[in-house]
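> I'll drop the sequence and a predicted model, then ask my questions.
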Amino acid sequence: GQSLEQPSEVTAVEGAIVQINCTYQTSGFYGLSWYQQHDGGAPTFLSYNALDGLEETGRFSSFLSRSDSYGYLLLQELQMKDSASYFCVSPSGGYNKLIFGAGTRLAVHP
Amino acid sequence: ETGVTQSPTHLIKTRGQQVTLRCSSQSGHNTVSWYQQALGQGPQFIFQYYREEENGRGNFPPRFSGLQFPNYSSELNVNALELDDSALYLCASKGQNNEQFFGPGTRLTVL
């Protein structure tokens, strides 16, 4: 089976940095993605790590360590609009489907 | 704006009824997937279609079925609705670099 574990909630203040961790157990591993979903909205793609290391896209960075079955999403210079749910996601079955974690709800306060 | 649209946005049905949800993918995207997202949870994969053929299915019973059409539109059909089918249903078309573009979803309520 496959599972991805991430914290259920994280709280931070504007301008701060927050890290959302994800550990996974998969029978076949094709990399780790991160998606953002605002309340009532669609999940939107943030990043994808196929290999170990850090990927940076603006204020967001994502890291993967396959030997540790671990990854994280780093959000810098937090803004109120970053309040949303963040999902770590692993493609499975030859990319036929995405396996989502339960999601981390990030609340950014002034 | 992902270019993926879904209809209707909201729907209310009663137990035992049948429902059809629709999705229009981005032009050129031959792969469409459907997901069910219960409140407070991550999306769960239902199935995927590629060039009008189902080529992957999650842990959902046969009363969940689908169709994909040549014009990049697709349907999700659910028969014999149950209360637990109440959820947000998302379709997604597959882009490059393992990215999937999700539509805004259809909120289904089963009473």
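Here it is on my side, so go on. Everything quoted here is computed from the prediction, not taken from an experiment. Numbering: from 1, shown residues only, chains lettered A, B, ... in the order given.
> Pairing partners for residue A:53 in the sheet, please.
residue A:64 (DSSP bridges).
> For burial, what's the neighbour tally of it?
For residue A:53, the count of nearby residues is 10 (other CB atoms under 10 Å in any protein chain shown). Glycine gets a C-beta too; all of them are placed from N, C-alpha and C.
> Could you double-check that it sits in contact with residue A:64?
Yes - with contact defined as CB atoms under 8 Å, residue A:53 counts as touching residue A:64 (6.8 Å).
> Count the neighbours of the closest residue to residue B:7 other than its chain neighbours for me.
Setting aside the residues directly before and after it, residue B:7 is nearest to residue B:22 in space (CB to CB, 6 or more residues apart in numbering or on different chains), at 5.0 Å. Burial of residue B:22, expressed as a neighbour count using other CB under 10 Å, amounts to 16.
> what sits up against the host helix or strand of residue B:22?
Assessed by DSSP states H and E, residue B:22 sits inside strand B:19-24. Here strand B:19-24 makes contact (CB atoms under 8 Å, 6 or more residues apart in numbering or on different chains) with B:4-8, B:11, B:13, B:32, B:34, B:72-78, B:81, B:89, B:91, B:103, B:106, B:108.
> go on, stretch A:32-47?
A:22, A:24, A:48-49, A:55, A:57, A:60-62, A:64, A:71, A:73, A:83-91, A:98, A:100, A:103, B:2, B:4, B:43, B:90, B:98-105.
> Quick check: PyMOL command selecting the buried ones in the residues you listed.
Selection of buried members from the contacts of stretch A:32-47 for PyMOL, criterion 16 or more other CB atoms under 10 Å in any protein chain shown:
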select buried, (chain A and resi 22+24+48+49+55+60+61+62+64+71+73+83+84+85+86+87+88+89+90+91+98+100+103) or (chain B and resi 2+4+43+90+98+99+100+101+102+103+104+105)
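> and the contacts of stretch A:32-47, which of them are in strands?
Mapping these onto strands (DSSP state E) picks out A:22, A:24, A:48-49, A:55, A:57, A:60-62, A:64, A:71, A:73, A:84-91, A:98, A:100, B:90, B:100-102.
> before we move on, back to that, just give me how far the strand holding residue B:22 sits from the chain centre.
7 Å (CA atoms, centre = their mean, to the nearest Å).
> Give me the sheet partners of it and which way each runs.
Here, using DSSP bridges, strand B:19-24 pairs with strand B:5-7 (antiparallel), strand B:73-78 (antiparallel).
> what mean pLDDT would you report for it?
Averaging pLDDT along strand B:19-24 gives 97.
> Follow the chain on from that strand and name the next helix or strand.
Heading C-terminal from strand B:19-24 (DSSP H and E), you reach strand B:31-37.
> Mind giving me the packing neighbours of that next one?
strand A:97-100, strand B:44-50, strand B:73-78, strand B:87-94 (3 or more CB pairs under 8 Å, 6 or more residues apart in numbering or on different chains; DSSP states H and E).
> ends of stretch B:55-71, how far apart?
Across stretch B:55-71, the terminal residues are separated by 18 Å (CA to CA, to the nearest Å).
> In it, which residues are buried?
Using 16+ other CB under 10 Å as the test for burial, stretch B:55-71 gives B:56-58, B:60, B:64-66, B:68.
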